[in-house]
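J.: Please find the sequence and the predicted model below.
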Amino acid sequence: MSSSIPVVCAIILRQDRVMLAQRPHGKTLGGLWEFPGGKVEAGESAEAALHRELMEELGCTVEITQSLAPFEHAYAWGSIRLIPFVCKLSAGSPEPHAHEHAALAWVTCEELKSYDLAPADVPLLGAF
């Protein structure tokens, strides 16, 4: 049995909105919306992975304001251990841009319910 893949995600808050990123069509879970992040590399801390992934994917920097409890999610192709962080953009951070995603959106907590989220991200609704 293979172990789960550690994956970080950022719940980036700004005023009363949270950022969602749309996965590129043609990739795993293509077209679904997610909290941005990615895989933790061997020997890398979850926090370091979060900062690296956000710089690669969005070109922005964040401050971590809260760590949420990690949890496991099983997909048909394997399991991930999702490590969520609540964040805010760092002072002086560039505005996030979709380098690897199809689109970005700043949505209210009410609007979140109308987005088609990646299954692993659904349990995070209401956690922040």
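T.: Structure's in. What do you need? What you are looking at is a predicted structure, and each value in this text was computed from that prediction instead of being measured.
J.: From here on, just use CA atoms for contacts and neighbour counts.
T.: Fine.
J.: top strand in the protein by residue count?
T.: strand 78-89 (DSSP state E).
J.: Against which helices or strands is that strand packed?
T.: strand 5-14, strand 62-67, strand 71-75 (3 or more C-alpha pairs under 8 Å, 6 or more residues apart in numbering; DSSP states H and E).
J.: contacting residues around the shortest one?
T.: Contacts to strand 71-75, defined as C-alpha atoms under 8 Å, 6 or more residues apart in numbering, come from residues Ser4, Ser79, Ile80, Arg81, Leu82, Ile83, Ala120.
J.: so Pro123 sits in a helix?
T.: Yes - under DSSP: H, G, I helix; E, B strand; the rest coil, Pro123 falls within a helix.
J.: Please point out which parts of the longest strand of the chain sit buried.
T.: Ser79, Ile80, Arg81, Leu82, Ile83, Pro84, Phe85, Val86, Cys87, Lys88, Leu89 (16 or more other C-alpha atoms under 10 Å).
J.: nearest residue to the first one other than its sequence neighbours?
T.: For Ser79, the nearest residue in space outside its immediate sequence neighbours is Ser4; the separation is 4.7 Å by C-alpha to C-alpha, 6 or more residues apart in numbering.
J.: Now do that neighbour, the pLDDT please.
T.: Ser4 is assigned 95 on the pLDDT scale.
J.: wait, it sits on Arg81?
T.: Yes - with contact defined as C-alpha atoms under 8 Å, Ser4 reaches Arg81; the gap is 5.8 Å.
J.: No further questions, thank you.
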